[in-house]
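for reference, the sequence and a predicted model appear below.
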Amino acid sequence: MDHIVIDAPSLRSLIIIGKFESLAFRNVRSLESISLHLHSSPEKPITADTVAAVNLLASTSQLQSIEFNGHLCKFFAAGGVKKSTSVTFNYLKELCITDLYLSDIGVFSFLLSMIERCPYLDIRHFSENVAHQVLDLDFNHNYKLDHLRKITIKGIIGSSEELKLVEYLLAISGSLENLFFKAGSLSTDSELKMSRALMRFPRASTKASIICLDT
């Protein structure tokens, strides 16, 4: 599929897996959850229709959950979605992003922009591909996620990018109760070292616990 147009006013759940070059929504007022997974990054630039589709999703009051993968993050980042839209996902409760490429500065910046546009999230899931490049990024510590209660991060290996992201989330989440993490392929010593690093980060919430999930 090259160009996808969705016009389904009664549609509640949408899953698209494969490859597409543009995405457009005509009427999705009942949509509650959407999952988008690209098999590879598109060769052509992002279209105005796709940017408009992101804007429309943000204004869909029924939408509770968004899931997309790293290839789609790269697609959005390369197309300048961060700069071309300033919408806020006021109704979104769950954001799940898999196979992230945090060593890509565009993807990292796009992820942060998504976090800052979802002020009422309760649950957030991330999983990451191995990162190799160290990034030097500044965070907006004036931004607060005071409704966030739970974060789940899977596949973490203790890279600089991952630790910066966790430090940022802990610093801005004043009502956080639990941050769950599951380590990637690490030795016992490396996992223990990473766990200690996570435990040392300051937490805006006095109730926040950092919990390692069973492997």
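That came through fine. Numbering: from 1, shown residues only.

okay, and the helix or strand of this protein with the least pLDDT?
The element with the least model confidence among the helices and strands of the chain, by mean pLDDT, DSSP states H and E, is helix 81-84, at a mean of 55.

stretch 104-121: how far from the chain's middle?
Offset of stretch 104-121 from its chain centre (C-alpha atoms, centre = their mean, to the nearest Å): 6 Å.

let me see the mean pLDDT of that stretch.
Mean pLDDT, taken over the full extent of stretch 104-121, equals 77.

relative to the centre of the protein, find the outermost residue for me.
residue 189 (28.6 Å; C-alpha atoms, centre = their mean).

sketch out the low-pLDDT regions of this protein for me.
For the chain, residues meeting the criterion pLDDT under 70 lie at 1, 41-46, 78-86, 102-103, 128-141, 215.

all helices for it, in order.
Counting by DSSP state H, the segments of the chain that form helices are 48-58, 70-78, 81-84, 105-116, 160-172, 188-199.

against which helices or strands is the last one packed?
Read it as helix 188-199. Using 3 or more C-beta pairs under 8 Å, 6 or more residues apart in numbering; DSSP states H and E, the elements in contact with helix 188-199 are helix 160-172, strand 178-183, strand 209-212. Quick note: C-beta positions are derived from backbone N, CA and C, even for glycine.

contacts for the last one, please.
Right, the one you point to is strand 209-212. For strand 209-212, the surrounding residues in contact (C-beta atoms under 8 Å, 6 or more residues apart in numbering) are 177-183, 191, 195, 198-199.

swap in the second one?
Contacts of strand 178-183 from elsewhere in the structure, counted by C-beta under 8 Å, 6+ apart, are 149-157, 166, 169-170, 191, 194, 198, 208-213, 215.

next one: residue 55 from residue 48, what distance?
Noted for residue 55: a distance of 10 Å to residue 48, by C-beta to C-beta, to the nearest Å.
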